[in-house]
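Student: coords below, sequence missing:
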């Protein structure tokens, strides 16, 4: 691999509890326009387009075809789609740029959770024969994980509350965030998790532009170079996993080169406070690392986009000169089953 | 910087049937993947990454089923990607997997595509009417029949061409032990006497609903050198997309299909596809799409594709055999159908297609399309490695 590839632009929607008045395309369009405007590129200039979304959130098959109309795929474009968080769409686009088949890529993802009952919908992700028929919901599964952490002495409820408070406090400077400022930790939703430990449910979209080599320098004053990116999956059955650890995150981080030098910032896709505890341990992040200055998924967690937003936020920190080496993490599946880690760097100042 | 050459070193598929009630979804995909590994004489431990594809999750009622399938596909501790690009997904999935090898991110990649249609009803899965969005009529046939009619009117093709395609593909399927439909008593008259479903498409000119999976092991040059059987080499591969509906769209011969083929031919150094390509596995879910795609892919001039079909050029022993395996008309596990086309092309280039082998097939095109004739994925594979 001899090609340097960077995130050169990032845009996201204002994440909200409901967007009844907007279709998915209408929610996505301003984000696409925003990210292209930052680079001065038009759809026709983009070498490869890749998106991530879920039919189960949209409630219809082939929902991503409607979004494609918003992209303006005419003349025809080189394009692909993953039924995954947009962070994995970014991964596919990164491999495409590595082959030299394209010099620029547009990556976007979106999710509207508001039309349905998200906790119910996510149960459809589980083993369809043995687990899904029991309808264990995402909060209940995360609560199992949180209790395992508490039982192992890795955390306690006040520590979890502190993660929640810090995240929403940091989000006060993030105009896109759904939950900001001082919020009550609330009652137990599923013990030991209180409402404050859980992510907001909402709708949102995000997009990034990738570019290779000199093209990246033309498009961005300080590109966020992808020094490494890798993703790993774990067993699906919770019964065979140690929920207090995330070996897939650690392995992905190793492969991405995250442990070669310390990072100054980490954007972690930890929808539940307890999952930040797991990820900090797996990634060996010490207190010197700024974790989720954007507020993270506890401030805004649009399904299918929240992982891509972590990469985008980490890159934007480098673009602004606030960070020199950042780690971005995305997750998918129950209790952090699948994890992606990217290491981004700016040119020396 | 040059790309790493990509070789197909293992191919496996299930016996496609209407309902595999004897296996779970995991059992189905593992069967195909296990056969691909066996063909490559590799074990699960040799695989660096898994790329899986399928059509809409509603077809089985499992959201993002790759999460649940990680164990069955030996992906635990490995990267796993899930592709979804409508009907073209089987092809796109193979191309994403090939990209991992071509970019030198991984050396050996397992790619799998499947559909277990018996878990639900695909036609109604595709017909969800929800507020403020235009429903696509009932099932895919209702959407595509007017495009077929437009082709017939535009080209002046005789009414019989569609039934000829179906008769050919169903007979080819008799030579393919994995094909779903094995209609030993098929005759042209039976095809022509079958009920009209979506005029001009008759029952016997449509694809079945199948349960099935297909898998391939893709490897770099070093992996190909170690392979026990001759590999098929990827000579070119591309995806193209265009919007579903817009003023000026040519639904009969979409620009995205032409552009996709042109990109593949450019990569592979194909000047004249009719002369330089030996056989084609193309995505023909309704019989008339054979002549339509022959034109779209550049094997015939506009309005002339049906003449190749009518004169027997696309028969198994013809000059340009099309859908030697029996095609989508004989086997349609939707999410896997594109990958089956890609895999059958590779089987031909490897000389391992058994009774439906085309003698001397050296360069074979695999083609898939999806959505409202808007997503295209294709690859050209050959018996010799790429020149560059």
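Tutor: Sure, I can see it. Because the structure is a prediction, the values reported are computed rather than measured.
Student: relative to chain B, how far out is residue A:159?
Tutor: Distance of residue A:159 to chain B, computed by CB to the nearest CB, to the nearest Å: 29 Å. (Each C-beta comes from the backbone N, C-alpha and C, glycine too.)
Student: and the nearest residue to that residue once chain neighbours are set aside, how many neighbours does it have?
Tutor: Closest residue to residue A:159 apart from its sequence neighbours, by CB to CB, 6 or more residues apart in numbering or on different chains: residue A:277 at 7.4 Å. As a burial measure, residue A:277 scores 21 neighbours (other CB atoms under 10 Å in any protein chain shown).
Student: helix or strand for residue A:277, which one?
Tutor: helix A:273-283 (DSSP states H and E).
Student: remind me what whatever helix or strand comes next after that helix packs against, helices and strands.
Tutor: Heading C-terminal from helix A:273-283, the first helix or strand you meet, by DSSP H and E, is strand A:290-291. Strand A:290-291 is packed against strand A:265-267, with contacts defined by 3 or more CB pairs under 8 Å, 6 or more residues apart in numbering or on different chains; DSSP states H and E.
Student: contact partners for residue A:127?
Tutor: A:236-237, B:68 (CB atoms under 8 Å, 6 or more residues apart in numbering or on different chains).
Student: can you check residue B:203 too?
Tutor: B:194-197.
Student: please redo it, this time with the cut-off set to 10 Å
Tutor: B:141, B:166, B:191, B:193-197 (CB atoms under 10 Å, 6 or more residues apart in numbering or on different chains).
Student: which residues in the stretch 151-300 of chain A form helices?
Tutor: A:157-170, A:213-219, A:247-255, A:273-283 (DSSP state H, counting those that start in this stretch).
Student: just to revisit the earlier point, now tabulate the contacts of residue A:127 in JSON lines and tack on distance to residue B:7 and neighbour count.
Tutor: Listed next are the contacts of residue A:127 as JSON lines, based on distance: CB to CB, whole Å; neighbours: other CB atoms under 10 Å in any protein chain shown:
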{"residue": "A:236", "distance to residue B:7": "31", "neighbour count": "27"}
{"residue": "A:237", "distance to residue B:7": "35", "neighbour count": "16"}
{"residue": "B:68", "distance to residue B:7": "30", "neighbour count": "25"}
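Student: isn't residue A:241 right up against residue A:234?
Tutor: Yes. The criterion here is CB atoms under 10 Å, and residue A:241 meets it with residue A:234 at 5.9 Å.
Student: out of the contacts of residue B:203, which is nearest to chain A?
Tutor: Chain A lies nearest to residue B:141 out of these, by CB to the nearest CB, at 15.6 Å.
Student: would you mind measuring from the closest one to residue A:302?
Tutor: To residue A:302, residue B:141 is 36 Å away according to CB to CB, to the nearest Å.
Student: quick check on the two: which one has the bigger neighbour count.
Tutor: Under the neighbour definition other CB under 10 Å, residue B:141 and residue A:302 were set side by side, and residue A:302 has more, 34 against 19.
Student: got the contact list for the closest residue to residue A:272 other than its chain neighbours?
Tutor: Computed as CB to CB, 6+ apart, the closest residue to residue A:272 that is not its neighbour in sequence is residue A:142, at 4.3 Å. With contacts defined as CB under 10 Å, 6+ apart, residue A:142 is in contact with A:189-190, A:193, A:197-199, A:243, A:271-275, A:334-336.
Student: which residue does the stretch 151-300 of chain A bring closest to chain B?
Tutor: residue A:233 (4.5 Å).
Student: neighbours around that residue, how many?
Tutor: 27.
Student: that one is in contact with residue A:246, isn't it?
Tutor: No. Residue A:233 is beyond contact range of residue A:246, at 11.4 Å (criterion: CB under 10 Å).
Student: and the residue lying closest to residue B:207 once chain neighbours are set aside, what element?
Tutor: Nearest non-adjacent residue to residue B:207, counting by CB to CB, 6+ apart: residue B:332, 3.8 Å away. According to DSSP H and E, residue B:332 maps onto no helix or strand at all.
Student: got a list of what the residue of the stretch 151-300 of chain A closest to chain B touches?
Tutor: A:248, A:252, A:332-333, A:337-340, B:50, B:66-67, B:69-71, B:73, B:75-81.
Student: those residues, buried ones only, as a ChimeraX selection?
Tutor: Filtering the contacts of residue A:233 down to the buried ones (16 or more other CB atoms under 10 Å in any protein chain shown) takes a single ChimeraX command:
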select /A:248,252,332,333,337,338,339,340 /B:50,66,67,69,70,71,73,75,76,78,79,80,81
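Student: inside helices: which ones of the contacts of residue A:233?
Tutor: A:248, A:252, B:66-67, B:69 (DSSP state H).
Student: what is the neighbour count of residue 146?
Tutor: If you meant another chain, say so; for now it's chain A. Around residue A:146 there are 29 residues (other CB under 10 Å).
Student: that's the wrong chain, I wanted chain B
Tutor: Around residue B:146 there are 15 residues (other CB under 10 Å).
Student: now do residue A:173
Tutor: The burial count for residue A:173: 11, using other CB under 10 Å.
Student: which residues touch it?
Tutor: A:180, A:293-295.
Student: hang on, residue B:333 packs against residue B:60?
Tutor: No. The pair residue B:333 and residue B:60 does not pass the contact test of CB under 10 Å, sitting 11.0 Å apart.
Student: got any residues that touch both of these two?
Tutor: With CB under 10 Å, 6+ apart, residue B:333 and residue B:60 have common neighbours B:54, B:114-118, B:211.
Student: restrict those residues to those near chain A?
Tutor: residue B:54 (CB under 10 Å from any CB of the partner chain).
Student: I'd like the shared contacts of residue B:333 and residue B:60 as CSV, with distance to residue A:130 appended.
Tutor: Converted to CSV, the shared contacts of residue B:333 and residue B:60 look like this (distance: CB to CB, whole Å):
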residue, distance to residue A:130
B:54, 20
B:114, 19
B:115, 22
B:116, 17
B:117, 22
B:118, 19
B:211, 20
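Student: contacting residues for the closest residue to residue A:143 other than its chain neighbours?
Tutor: Excluding the flanking residues, the one nearest residue A:143 by CB to CB, 6+ apart is residue A:190, at 4.0 Å. The contact partners of residue A:190, taken as CB under 10 Å, 6+ apart, are A:119, A:137-144, A:146-147, A:197-198.
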